[in-house]
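A.B. asks: Following is a predicted model, sequence given first.
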Amino acid sequence: MDDPISITYQRSKLAVLYHLNRSEEDLNDAVMSIKYWIESQPHLPRNTNKNRIEFFLLNNTLDIEAAKKKLESYYTMRTSLTIVFQYSNPGTPQMKSTIGSTQIVPLPKLLENIYSVMLIKLRKYVPAELDPHWWVAAAINAHEINIQENLMLNYVLIYDLENLTLEHVLKLTPMFILNCSKMADKGLGRPFKGIHFINCPPVFQLALTIIRNLLRPDLYALLHIHSSLDSLRETFPIDILPKDYGGNEKYVNELEETWLKKYDDYKDYFDNLDVLKVNKDLRPNISLNLFGFLPFDFRNMSFD
């Protein structure tokens, strides 16, 4: 019997290829080109996951040169952006604390068969030592699992801010927001399709002011604020939304319970990610403009 995950992945891949008007042969040829290129780059990890290559290729409409830059940028971030990735392994106390304070759940069904919908809900308790970059690491961990089971043209995010407090907002530093913007733009495929907020308390206006002043206008335009669940259901089909939000999908707590088990299933995968580093001593001379990062985005970082 075929593996259900393999069937789901293949079905989602075909949907994305249909949307892009490209064939599996086109994708396979592009994957081989990327693999040959990786072998010629002494500074890059050799055991690049095929699903990751396919994700970057399809999120760059099979533009091989653009996908190369995204992969280069992805591995550079994982190596040098220690503020995010130092404790990103799900087994670390920092990640366990982060997951304990935030529900991060990719919903089972894809929007329009090509976009993954990720639901993020803050819990009331926020550990004093929590760095907001750990929220990003936890979301990227969910993404890492997701691209092993689905192939999508990036994400639509739903933030449930019912439990948002001033304590949360004060963690939204300029460095954090700019890092999030750069990562979304340079290292994780194409821009998000949309970012939606629901159950927004009055303190959210302060957060929105901070975000507005730091995000590029094109990224800020992706933000959508819903005043009610009816508004949310006008955007998302009820078959996608959990029952908590008036949909037909399982309750969020049920989905989260299933999702958290995946971190154990993918333990070896994440342990391997920990060692996928760029060897900067072997990197050919590359202009910093290839990545477009600002110097203060990174801690303990240097480019040749």
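C.D. replies: Yep, it's here.

A.B. asks: Now do stretch 223-232, average pLDDT.
C.D. replies: Stretch 223-232 shows a mean pLDDT of 92.

A.B. asks: what comes up buried for it?
C.D. replies: Leu223, His226, Leu232 (16 or more other C-beta atoms under 10 Å). C-beta here means a position set from N, CA and C on the backbone, and glycine is covered the same way.

A.B. asks: Surely Arg52 touches Ile147?
C.D. replies: Yes. Contact criterion C-beta atoms under 8 Å: Arg52 and Ile147 qualify, at 6.3 Å.

A.B. asks: In terms of neighbours, single out the busier of the two.
C.D. replies: Neighbours per residue (other C-beta atoms under 10 Å) separate Arg52 from Ile147, with Ile147 holding more: 20 against 17.

A.B. asks: That one: helix or strand, and which one exactly?
C.D. replies: helix 132-149 (DSSP states H and E).

A.B. asks: So which bits of the helix-or-strand element of the chain with minimal mean pLDDT are buried?
C.D. replies: Within the chain, no helix or strand scores below helix 174-186, which has a mean of 78 by mean pLDDT, DSSP states H and E. Residues of helix 174-186 classed as buried: Met175, Phe176, Ile177, Leu178, Asn179, Cys180, Ser181, Lys182, Met183, Ala184, Asp185, Lys186 (neighbour count, 16+ other C-beta under 10 Å).

A.B. asks: helices and strands around that helix, which ones?
C.D. replies: helix 64-80, helix 82-85, helix 132-149, helix 204-214, helix 217-220 (3 or more C-beta pairs under 8 Å, 6 or more residues apart in numbering; DSSP states H and E).

A.B. asks: out of these, which comes closest to Tyr251?
C.D. replies: helix 132-149 (17.9 Å; C-beta to C-beta).

A.B. asks: Next up, the contacts around the nearest residue to Ile177 once chain neighbours are set aside.
C.D. replies: Spatial nearest neighbour of Ile177, excluding adjacent residues (C-beta to C-beta, 6 or more residues apart in numbering): Leu214 at 4.5 Å. Residues counted as contacts of Leu214 (C-beta atoms under 8 Å, 6 or more residues apart in numbering) are Pro174, Ile177, Leu178, Ser181.

A.B. asks: From Arg212, how far out is the second one?
C.D. replies: When you say that, I think you mean Ile177. Distance from Ile177 to Arg212, counting by C-beta to C-beta, to the nearest Å: 10 Å.

A.B. asks: Equivalent analysis for Leu107, please.
C.D. replies: 27 Å.

A.B. asks: Below-threshold pLDDT in this protein: ranges please.
C.D. replies: 1-4, 185-191, 285-304 (pLDDT under 70).

A.B. asks: one more time with 90
C.D. replies: Residues of the chain that meet the criterion pLDDT under 90 lie in 1-8, 45-49, 70, 73-82, 123-130, 153-154, 165-193, 205-222, 275-304.

A.B. asks: got the residue ranges for the strands in it?
C.D. replies: 102-106, 116-122, 155-160, 194-198, 223-226 (DSSP state E).

A.B. asks: Just list what the first one packs against, helices and strands only.
C.D. replies: Same thing as strand 102-106. strand 116-122, helix 132-149, helix 252-265.

A.B. asks: Output the shortest one as PDB, nothing but the C-alphas.
C.D. replies: If I follow you right, that is strand 116-122. C-alpha atoms of strand 116-122 as PDB (Å, rounded to 0.1, in the frame of the first residue of the first chain):
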ATOM      1  CA  SER A 116      -0.800  26.100   3.100                       C
ATOM      2  CA  VAL A 117      -2.700  27.800   5.900                       C
ATOM      3  CA  MET A 118      -0.800  28.100   9.100                       C
ATOM      4  CA  LEU A 119      -2.800  28.900  12.300                       C
ATOM      5  CA  ILE A 120      -0.800  30.700  15.100                       C
ATOM      6  CA  LYS A 121      -2.400  31.400  18.400                       C
ATOM      7  CA  LEU A 122      -0.700  32.900  21.500                       C
END
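
A.B. asks: Can you tell me the strand partners of that strand and which way each runs?
C.D. replies: strand 102-106 (antiparallel), strand 155-160 (parallel) (DSSP bridges).

A.B. asks: circling back: among the buried residues of stretch 223-232, which one sits closest to Glu257?
C.D. replies: Leu232 (22.7 Å).

A.B. asks: in stretch 8-15, what counts as buried?
C.D. replies: Those would be Tyr9, Ser12, Lys13, Ala15, for stretch 8-15 by 16+ other C-beta under 10 Å.
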